[in-house]
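> quick one: sequence and predicted model below, then my questions.
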Amino acid sequence: MRTNDQPAVEAHRKLSKFNAARLFLRPNDPDMSEADTRSKLIDPLFLDVLGWQEQDIRREEPVSDGFADYSFGLDFKWFHVEAKRTLPRFELHVSSSVRRLTLTGPHMLGNKRMKPLLEQTAKYSLDLGTEFAILTNGSQFIVFQSLVGGRSWKHGHAIVWHSIDDIIDNFAEFYELLQKTNVESGILAAKFSNIVSVTSASFTPLQYIHNPEAELVRNPFWSRIAQAFSPILIDKPEDDELQEEIIRNCYVSTPLAGESSSDLGRLLRDIMPHYLVDANVRHIDPSDRGPGSFTNRVVDDLKILKPGTYILTGGVGSGKTTFLRRFARVDQHAFIRDFCVWLHIDFLEFGSDVDENLAPRLERYTTERIYAILQREYSSYLPKNGDEMRKLFADEISRLETTLLHGVEKDSTQYRDAVNLRIDELSKDSAAYVNAILQAIKKAGRCIVFVLDNTDQLGEQFQRAVFLYSQKLSDSFRTLSIVSLREEKFFAAFRQGLFDAYGTRKFHIGSPDLIQVLRRRLEYGIKRYMSLADEKKIGSEERAESIAVAKTLITVSTSSNGNIIRFLASVSVGDMRLALRMFNDFMSSGNTDVRKIQRIVAKGGTRYKMPFHEFAKAAILGSRRYFRGSVSRILNVFLPSSIAGASHWTACRILARALSGMKAYCWEKGTYKQSCLYGSIANHLGARRTSRIPANGCLRRVYSNLNHLDLQNSTLLRLSG
């Protein structure tokens, strides 16, 4: 056992302590009944040692001819346990060093005492729907796969522990197999698929191709325009200057509208999910007609210095960050500049560790980012000399004068040294220093706004901590905090009642129209190219040809061939960043026949309609010669897993079933509608066309619901982007 595996070490220590003190382990007690075995042996082992919670366990579940002793798993049954009395022991007639036994062998089903016990346990799997089963008497454990596709469970293997001492001596292996977190991550399927491999080997043509990783040279047209187009198709959040340029010239508003199967112009207008409507979330609707509800509320609250927290929800890539940046730098720039200190803190770089030190780490990270913003954008509020530093900490000096320096003359060396020492300590304490600066800003009449962005990258515990911290910031400085969340992460926190105790204002931003996004970015790319062409003194002939091809690509992508925009919308599911990156791959790919387009344009083909397969090939492969699902943004749902009996169609069947069962309430008209995009997918896969599927985050939610099915190597479970 690795010494740095602290949970396993602690569990082993606890089990050894129980065994030595015989607090619950009495496996050789002849008077111990089956009920005693369960309460005194099995329950403590799973609850106290293996990390399962009481809410994960169901006891005495009814089956066809009785009751199953246990099933484990709250939302999904991972395995069930059939318990027997401690005595008589299972007579396996095999060395205690043997860990794996064939079920059809003489020690399992070939043993007349063991056969009925194993068959009873396996039979319960059919009723409970559990794939794995455990037969135990409290000290001996027999774990096997009780439901196997394509063959009888009897032809499998069992993993056996022969006694409590065997478990203690080989605890790392026992803990790895049955500990709660490991089971939920699919360890049982992995262990048993390693024992019994797929009988027929799978091959792909890629295995027999020389140099399958070969990449093509990017098309020559791209080298001309890359400097102008690439930066606005591949967003770089860290480049503030570029972000402001994009916000000012390429921003697309997000009106709330429904999807229409016949109108491409409304294909990707995002609809707010019904659970956000139920949570009293308001749509932002920042249209060209004037400021939306978010802008009006924020400005009004800032004017009257009303503290509180705003929740801004939206799907992946829907433009939450862009909207907030535009709000501060364009829409309300003058107001923010004159009355506010806008502190936009991005949590993308926070890290993935969530532990007991989360709260202090969160505060330290936020403080560091705030100080960096103050230095960069609000340096006039930072103290420049000793006098300004003392003025900053005037309240602290006053407290010293009533305690340590009471009665000490201000001109004395003692007074000066004590004050200097205290000021030095406070200036080195980043939290105290930043807090003092922010309080000074408040006293100067400026309103502070904290924007906590990209807080949904980690789990619910992190979001809870961020939300509570935002409330603390709002209360401490009597000001506003804005927290951005993905809509599904908001719903998870809302369902737990996280926002109930606070007067939050909740808003939703939908994904913008993909056609408008592409058109505006590409048209602005042409302007950037013309400006760069002037700087580099590019010839008029080359300049005219490049602009003509670029304009043709705009027409191709946004109007002449509707399948192209449908393709991008289907893959990106509301993520504008992903759609733009795929279009960037198409424009730069060596698979894009630009010479053909140039010839057609030269002949006056202004309404050139690119065949869909040419666009799809370039967008899917990018610069690669051959498709490989592991590096492409397009998933291969036909790839079988390595589990025995796996089918090429398993992923498709699951996807079809999931899509056919998903319904989203159209709050605007109060009806269910059929999405041309996702309904057609379900229809092609054999599903009933009965429901309307929302674009934003739909497939991602489907994938997240499929995780527990453990298709292992199937790329269905790997999200694009």
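Good, I have the coordinates.

> tell me the buried residues in the lengthiest helix in the chain?
Longest among the helix segments of the chain by residue count, using DSSP state H, is helix 514-536. Going by neighbour count (16 or more other Cβ atoms under 10 Å), the buried part of helix 514-536 is 514-522, 524-526, 528-529, 533. The C-beta positions use only the backbone N, C-alpha and C, and glycine is treated the same way.

> could you identify the helix or strand that succeeds that helix?
Next helix or strand after helix 514-536 toward the C-terminus (DSSP states H and E): helix 540-555.

> for the residue nearest to residue 547 when sequence neighbours are not counted, give its distance to residue 561.
Leaving aside its sequence neighbours, residue 547 sits nearest to residue 526 (Cβ to Cβ, 6 or more residues apart in numbering; 5.9 Å). Per Cβ to Cβ, to the nearest Å, residue 526 is found 20 Å from residue 561.

> equivalent analysis for residue 186, please.
For residue 186, the distance to residue 561 (Cβ to Cβ) stands at 42 Å.

> likewise residue 133?
For residue 133, the distance to residue 561 - Cβ to Cβ - is 54 Å.

> contacting residues around residue 448?
Residue 448 is in contact with 340, 341, 343, 438, 441, 442, 477, 479, 480, counting by Cβ atoms under 8 Å, 6 or more residues apart in numbering.

> which parts of this structure belong to which domain?
Domain assignment for the chain by automatic domain parsing gives 6-195, 220-235+514-621, 273-379+425-508, 650-717.

> the second one: how far from the chain's middle?
In terms of Cα atoms, centre = their mean, to the nearest Å, the centre of domain 220-235+514-621 is set 30 Å apart from its chain centre.

> how long is that domain from one end to the other?
End-to-end distance of domain 220-235+514-621 (Cα to Cα, to the nearest Å): 17 Å.

> isn't the residue nearest to residue 547 up against residue 549?
No: using Cβ atoms under 8 Å, residue 526 is not in contact with residue 549; the gap is 10.4 Å.

> what segments of the stretch 501-650 of the chain are strands?
Ranges of strands in the stretch 501-650 of the chain, per DSSP state E, counting those that start in this stretch, are 505-508.

> again with the chain
57-63, 66-72, 79-83, 100-102, 132-136, 141-145, 157-161, 282-283, 308-314, 340-346, 447-453, 480-486, 505-508 (DSSP state E).

> now do the end-to-end distance for stretch 334-349.
30 Å.

> same check, this time on stretch 147-154
Stretch 147-154 end-to-end distance (Cα to Cα) = 10 Å.

> would you mind measuring from the closest residue to residue 556 other than its chain neighbours to residue 596?
The shortest distance from residue 556 to any residue other than its chain neighbours is 4.6 Å, reached at residue 610 (Cβ to Cβ, 6+ apart). From residue 610 across to residue 596, the span is 9 Å (Cβ to Cβ).

> these two - which one has more neighbours?
Taking neighbours as other Cβ atoms under 10 Å, residue 610 and residue 596 compare with residue 610 leading, 23 against 12.

> what sits against that one?
Shown in contact with residue 610 (Cβ under 8 Å, 6+ apart): 556, 560, 561, 564, 597.

> repeat that for 10 Å
Contacts for residue 610 (Cβ atoms under 10 Å, 6 or more residues apart in numbering) come out as 552-553, 555-557, 560-561, 563-564, 586, 592-593, 596-597, 600, 618.

> same question, residue 82
Residue 82 sits next to 68-70, 117-118, 120-125, 133-137, 142 when contact means Cβ under 10 Å, 6+ apart.

> what about residue 380, neighbour count?
Residue 380: 8 neighbours (other Cβ under 10 Å).

> revised request: answer the last question for residue 226.
Around residue 226 there are 16 other residues, counting by other Cβ under 10 Å.

> could you report the pLDDT at the residue lying closest to it once chain neighbours are set aside?
Counting by Cβ to Cβ, 6+ apart, residue 226 lies nearest to residue 588, which is 6.9 Å off, once chain neighbours are set aside. Looking at residue 588, its pLDDT is 87.

> follow-up on the earlier one: so which of the buried residues of helix 514-536 is the closest to residue 573?
Comparing these against residue 573 with Cβ to Cβ places residue 514 closest, at 10.7 Å.

> look up how far residue 619 lies from that closest one.
Taking Cβ to Cβ, one finds residue 514 at 14 Å from residue 619.

> overlap in contacts, these two.
568, 579, 583.

> contacting residues around the residue nearest to the first one when sequence neighbours are not counted?
Okay, so that is residue 568. Once flanking residues are discounted, residue 568 sits nearest to residue 579: 4.6 Å by Cβ to Cβ, 6+ apart. Residues near residue 579 by Cβ under 10 Å, 6+ apart: 233, 268, 317, 511, 514, 517-518, 565, 567-569, 571-573, 619, 721.

> do the same with residue 385
Counting by Cβ under 10 Å, 6+ apart, residue 385 touches residue 391.

> and it, how far from residue 426?
Taken as Cβ to Cβ, the span from residue 385 to residue 426 is 16 Å.

> show me where the stretch 551-700 of the chain has helices.
Per DSSP state H, counting those that start in this stretch, the stretch 551-700 of the chain carries helices over the ranges 562-572, 576-588, 594-602, 612-621, 650-661, 676-684, 698-706.

> any idea how far residue 139 is from the closest residue to residue 32 other than its chain neighbours?
Using Cβ to Cβ, 6+ apart and skipping residues adjacent in sequence, the residue nearest residue 32 is residue 86, 4.9 Å away. Computed as Cβ to Cβ, the residue 86 to residue 139 distance reads 7 Å.

> in stretch 224-239, what's buried?
Quick answer for stretch 224-239 (16+ other Cβ under 10 Å): 224, 225, 226, 228, 229, 231, 232, 233, 235.

> where is pLDDT lowest across those residues?
residue 235 (73).

> for that residue, give me its contacts.
Per Cβ under 10 Å, 6+ apart, neighbours of residue 235: 242, 243, 246, 317, 321, 322, 576, 577, 580, 581.

> residue 80: which of those is nearest?
Ranked by distance to residue 80 (Cβ to Cβ), the contacts of residue 235 are led by residue 317 at 41.4 Å.

> count of residues packed around that closest one?
Residue 317 has 25 nearby residues by other Cβ under 10 Å.

> and the residue nearest to it when sequence neighbours are not counted, how many neighbours does it have?
Using Cβ to Cβ, 6+ apart and skipping the chain neighbours, the partner closest in space to residue 317 is residue 575 (3.1 Å). Neighbourhood size, residue 575 [other Cβ under 10 Å]: 21.

> equivalent analysis for the one 3 residues further on, please.
Neighbour count for residue 578, taken as other Cβ under 10 Å: 18.

> ok, it touching residue 572?
Yes: Residue 578 lies in contact with residue 572 (Cβ atoms under 10 Å); the separation is 4.4 Å.

> sorry, back to before: neighbour-wise, which of residue 133 and residue 561 wins?
Neighbour totals were compared for residue 133 and residue 561, and residue 133 leads with 27 against 19 (other Cβ under 10 Å).

> and residue 220, how far from residue 600?
Relative to residue 600, and taking Cβ to Cβ, residue 220 is found at 16 Å.

> before we move on, what about residue 161?
In terms of Cβ to Cβ, residue 161 sits 71 Å off from residue 600.

> circling back to that earlier point, which one's more surrounded, residue 220 and residue 600?
The neighbour count for residue 220 versus residue 600, taken as other Cβ under 10 Å, is higher for residue 600 (17 against 11).

> how many neighbours does the nearest residue to that one once chain neighbours are set aside have?
Excluding its sequence neighbours, the residue lying closest to residue 600 (Cβ to Cβ, 6+ apart) is residue 608, at 4.9 Å. Per other Cβ under 10 Å, the neighbour tally for residue 608 reads 18.

> who are the contact partners of residue 608?
Taking Cβ under 10 Å, 6+ apart, one finds 549, 552, 553, 555, 556, 560, 561, 596, 597, 600, 601 in contact with residue 608.
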